[in-house]
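# Sequence and predicted structure below; questions after.
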Amino acid sequence: MKIIRDPIHGNIELNEIELRLLDTAEMQRLRHIKQNGLCYLVYPAMNSTRFEHSLGVMHLAGKVAEHLNLKEERQNLRIAGLLHDIGHCAFSHTSDHLLSRFGFDHEKNSSRIILNTEISDILNAYGVSAKKISDLVTGKGNLSKIISSEIDVDKMDYLNRDSYSAGVAYGIIDLERIIHTLKLIGNEIVVGSGGLEAAEALLIGRNMMHQTIYRHHTKRIVESMFANAVNYLLDNKKLNYEKFLVMDDIDLVYTLRNSEGYAKEIMNRIDGRELFKRVFAEKINKTMESFRAEISKNKKEIENKISDDAGIPRGFLLLDMPSSELSEFKVLVEYDNELKKIDEVSELAKALEKAELERLTFCIYADPRYRENIKNLDIEDYIQYTQTMLKKFY
């Protein structure tokens with residue numbers, strides 16, 4: 001048994017198998033993958049990594065298992081919590097859409113690692129099914145909802161941890177209270193009667209963190225620039241998919257700094273904080289929302305169209321259309337002896353859901369050297385260009 005001191009949860013105990021897993025190269029890699037991508041360029045202390053987050057999720061998974069009296073599954077849930085983010089690529093969610101271009105995501109990558117590396121050998125040596133752990137991590141089976149669902153130990157840890165590292169109080173929630181309101185009913189993890197206020201507190205914390213931290217406009221600008229630079233390397237065969245999967249933050253930054261052309265210039269600009277600026281912002285309307293998939297699919301063509309018409313070099317104007325995060329508003333709660341979604345019984349949840357949708361903003365970022373080029377275009381042209389291109393591909 002070993003104890004690791006954590007600023008969020010205090011002492012976290014690890015047994016022999018957990019220590020063996022912690023010492024694998026795959027887990028140690030997470031020490032060099034920032035939890036919040038490039039958010040540290042806006043909030044300087046946000047340097048926490050996927051490593052300590054994984055320890056926190058493991059700890060909370062054990063707490064929930066104890067509360068739900070899942071004695072036989074407690075060890076598996078703790079291991080799944082420890083390994084749940086092992087498939088994240090460099091800079092965490094900043095790289096998610098880069099994975100998607102290969103038909104992959106970090107959960108599938110986690111499964112690949114669990115089943116095909118030393119981790120599988122360690123699990124087998126201790127009589128633990130690697131397949132069962134993989135299923136828990138990738139959302140298969142009712143108990144997987146403890147790890148990943150509308151209300152899960154993943155959110156419980158990162159909201160508190162990110163609040164701590166950002167120096168804000170928005171996401172600090174009463175973990176003990178929330179855990180003690182949880183119930184397992186059939187295949188669902190639900191908030192028991194009397195726990196509505198605890199669930200509402202989590203929704204408030206999550207909403208505030210998204211609006212003020214995760215969607216901060218400077219963070220989104222720098223991450224858009226960074227992702228576009230990595231895309232440039234992938235498109236031009238300067239970086240291959242297999243190598244990208246195993247990189248950590250240090251590896252990827254080194255690769256960008258030592259590259260050539262556009263990717264190197266963008267990385268140099270990020271290092272020198274010579275960032276693009278927001279040149280257009282429009283609340284996402286129903287038309288844009290209905291074309292969301294097409295915007296993602298044809299983002300590069302739309303960017304090139306606007307850039308060409310504005311006389312801006314390609315790659316120096318970027319679109320950003322954040323997605324809504326509405327799953328938490330479907331948390332099941334016991335209410336009047338029935339199971340209902342929280343937005344059906346809570347006026348506060350309804351208001352937060354409405355605010356979530358109303359605050360989503362479609363943005364265009366551009367190199368400030370080309371401000372005059374942007375000014376030469378009627379602002380309505382941006383909407384027209386976008387909708388014209390979308391209709392062409394829809």
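Ah, there it is.
# can we go C-alpha only for contacts and neighbour counts from here?
Noted.
# who's in contact with the spatially closest residue to N376 that is not a sequence neighbour?
Among residues not flanking N376 along the chain, A310 sits closest, at 7.6 Å (C-alpha to C-alpha, 6 or more residues apart in numbering). By C-alpha atoms under 8 Å, 6 or more residues apart in numbering, the residues touching A310 are N373, I374, N376, L377.
# Tell me the most packed of those residues, by neighbour count.
For the contacts of A310, counting by other C-alpha atoms under 10 Å, the largest number of neighbours falls to I374: 20 neighbours.
# show me what contacts that residue?
Counted by C-alpha under 8 Å, 6+ apart, I374 has contacts V279, A310.
# Looking at whichever strand or helix holds it now, give me its mean pLDDT.
Secondary structure from DSSP states H and E places I374 in helix 371-375. The average pLDDT within helix 371-375 is 81.
# Domains in this protein, by residue range?
Using automatic domain parsing, the domains assigned to the chain come out as 2-214, 217-325+359-393.
# And stretch 95-115, end to end?
With C-alpha to C-alpha, to the nearest Å as the measure, the first residue of stretch 95-115 is 22 Å from its last.
# pLDDT averaged over that stretch, what's the number?
Per-residue pLDDT over stretch 95-115 has a mean of 86.
# That stretch: how far from the chain's middle?
13 Å (C-alpha atoms, centre = their mean, to the nearest Å).
# wait, which of the contacts of A310 is closest to L60?
Nearest to L60 among those is I374, at 49.5 Å by C-alpha to C-alpha.
# How much space separates that closest one from M267?
Using C-alpha to C-alpha, which is the criterion applied here, I374 is 24 Å from M267.
# Then G261?
G261 sits 10 Å away from M267, going by C-alpha to C-alpha.
# The two - which one has more neighbours?
Taking neighbours as other C-alpha under 10 Å, G261 and M267 compare with M267 leading, 24 against 10.
# does that one really touch R257, like I thought?
Yes. Assessed by C-alpha atoms under 8 Å, M267 is found in contact with R257 at 6.1 Å.
# who are the neighbours in contact with K2?
E13, L14, N15, L19.
# which residues touch the last one?
L19 makes contacts with K2, as judged by C-alpha under 8 Å, 6+ apart.
# I79 too?
Per C-alpha under 8 Å, 6+ apart, neighbours of I79: E18, M58, I133.
# residues in contact with the first one?
Neighbouring residues of E18 by C-alpha under 8 Å, 6+ apart: I79.
# So which bits of the host helix or strand of it are buried?
Assessed by DSSP H and E, E18 sits inside helix 16-22. With burial defined by 16 or more other C-alpha atoms under 10 Å, the residues of helix 16-22 counted as buried are I17, E18, L21, L22.
# How about stretch 176-184?
In stretch 176-184, counting by 16+ other C-alpha under 10 Å, buried: I178, I179, H180, T181, L182, K183.
# Take those residues and lay them out in TSV including secondary structure, distance to L143 and pLDDT.
Output for the buried residues of stretch 176-184, formatted as TSV (DSSP: H, G, I helix; E, B strand; the rest coil; distance: C-alpha to C-alpha, whole Å; pLDDT from 0 to 100):
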residue	secondary structure	distance to L143	pLDDT
I178	helix	17	95
I179	helix	15	97
H180	coil	17	96
T181	coil	16	95
L182	strand	13	96
K183	strand	12	94
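# contacting residues around G87?
H106, E107, K108, N109, S110, S111, I113.
# can you do 7 Å?
H106, E107, N109, S110, I113 (C-alpha atoms under 7 Å, 6 or more residues apart in numbering).
# Ok, I312 next?
I312 neighbours (C-alpha under 7 Å, 6+ apart): Y370.
# which secondary structure element contains it?
If you go by DSSP H and E, I312 is not part of any helix or strand.
# So what does it have for phi and psi?
Note on I312: backbone dihedrals following degrees, to the nearest 10 are phi -110, psi 130.
# swap in the one 3 residues further on?
Its backbone dihedrals place G315 at phi 100, psi -10, with angles given as degrees, to the nearest 10.
# Check it and give its pLDDT.
97.
# how about the strands in this structure?
Secondary structure of the chain (DSSP state E): strands located at 2-6, 10-14, 182-185, 188-191, 277-283, 317-320, 332-335, 338-341, 361-366.
# got the angle for the second one vs strand 2-6?
In this case it means strand 10-14. Angle between the axes of strand 10-14 and strand 2-6 is 150 degrees (criterion: axes from the mean of the first three to the mean of the last three C-alpha atoms, to 10 degrees).
# same deal with the fifth one?
Here strand 277-283 points in a direction 90 degrees away from that of strand 2-6 (the same axes, to 10 degrees).
# And strand 277-283, what does it pack against?
Here strand 277-283 touches strand 361-366, going by 3 or more C-alpha pairs under 7 Å, 6 or more residues apart in numbering; DSSP states H and E.
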